[in-house]
Structures are given as structure tokens and as C-alpha cells.
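Asks: Provide a 3D model corresponding to the input given below.
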Amino acid sequence: MSESESVLPGKGKNDYEKYLKDPQLLDCQKAPEELAHRDELMFQIVHQNAELWMKLQIFELQETRARMEREACLGAMTVMSLKGRAIDFLSENLEQRFYPELWEVRNRLTRRAGTSY
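Replies: Predicted coordinates:
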């Protein structure tokens, strides 16, 4: 088998795309002709990105709790230290959510859009 041959099943041009499920991920946004506002694609991507980061944080907090319950406090502190950096990254990137153009898109959605945070 050559290095260029794909070994993973699924959609994608190569194993990297298949592993990350890039085609499915990219299908999660509206097509250009479906957009109600020029900035709607950015709105979707920023918020989907935030959801993925929050999923990671929940996973890491559960791992930290499990380590603490096993009295592996040093391991729990290590996880929290590393994940604190990820939380900082998320916070910095969520600042993008609050410029007027994205609020215009948000207002076109249901009243509860964006209030789950």
C-alpha cells in the first residue's frame, strides 16, 4: 500500500479528511444561496466553534472530576492547568460574537438563539 492510499472508511479525499469528518463538518453550514444575511456563514461558524470548545471543556471537567474521585489530585491539577488555557482561548474567540453584524444575524433567528451560554 502506498502512502497516498486511504485506509479509513468514509467520505473524504484522504485519511485526514475522513478522520476529522471534514465533509460532514462542512455540510453543517448553509450553502451560499441559502444565507439570509451576508454575515450568516460567519455567525454559524463562530457559534459552532464555540459549541465544540464547550464540548471539550465538559469532557475535560468530567475527566478532572473522575481523577479527583480516584484521589489522583496531581493528575486532576494537570488537566485543569492545561484546560485553563483552552478556556482562555475560548473566551478570547467568543469576543468575536459581539460585533453588530453578528447581532443582526442573531436577531433574524428565534428569540432564544445564542442564549444557551
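
Asks: C-alpha from now on. contacts and neighbour counts both.
Replies: OK.

Asks: By residue count, what's the longest helix in this structure?
Replies: What stands out as the longest helix in the chain, according to DSSP state H, is helix 40-69.

Asks: Going by neighbour count, list what's buried in that helix.
Replies: By neighbour count on 16 or more other CA atoms under 10 Å, the buried set for helix 40-69 is 40-44, 46, 50, 53-54, 57, 60-61, 63-64, 67.

Asks: Poorly predicted segments of this protein, please.
Replies: The model of the chain has pLDDT under 70 over residues 1-4, 72, 74-76, 79, 82-84, 86, 89-103, 109-117.

Asks: So which residues of it form helices?
Replies: Remark: helices assigned in the chain by DSSP H are 15-20, 22-26, 40-69, 73-94, 100-108.

Asks: how about JSON lines for the ones you listed, with distance to P32 added?
Replies: Listed next are the helices of the chain as JSON lines, based on distance: least, CA to CA, whole Å:
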{"stretch": "helix 15-20", "distance to P32": "22"}
{"stretch": "helix 22-26", "distance to P32": "12"}
{"stretch": "helix 40-69", "distance to P32": "8"}
{"stretch": "helix 73-94", "distance to P32": "24"}
{"stretch": "helix 100-108", "distance to P32": "15"}
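
Asks: Please identify which of these is closest to E34.
Replies: Comparing the helices of the chain against E34 with CA to CA, the closest turns out to be helix 40-69 (9.6 Å).

Asks: That closest one packs against which elements?
Replies: Helix 40-69 is packed against helix 73-94, helix 100-108, with contacts defined by 3 or more CA pairs under 8 Å, 6 or more residues apart in numbering; DSSP states H and E.
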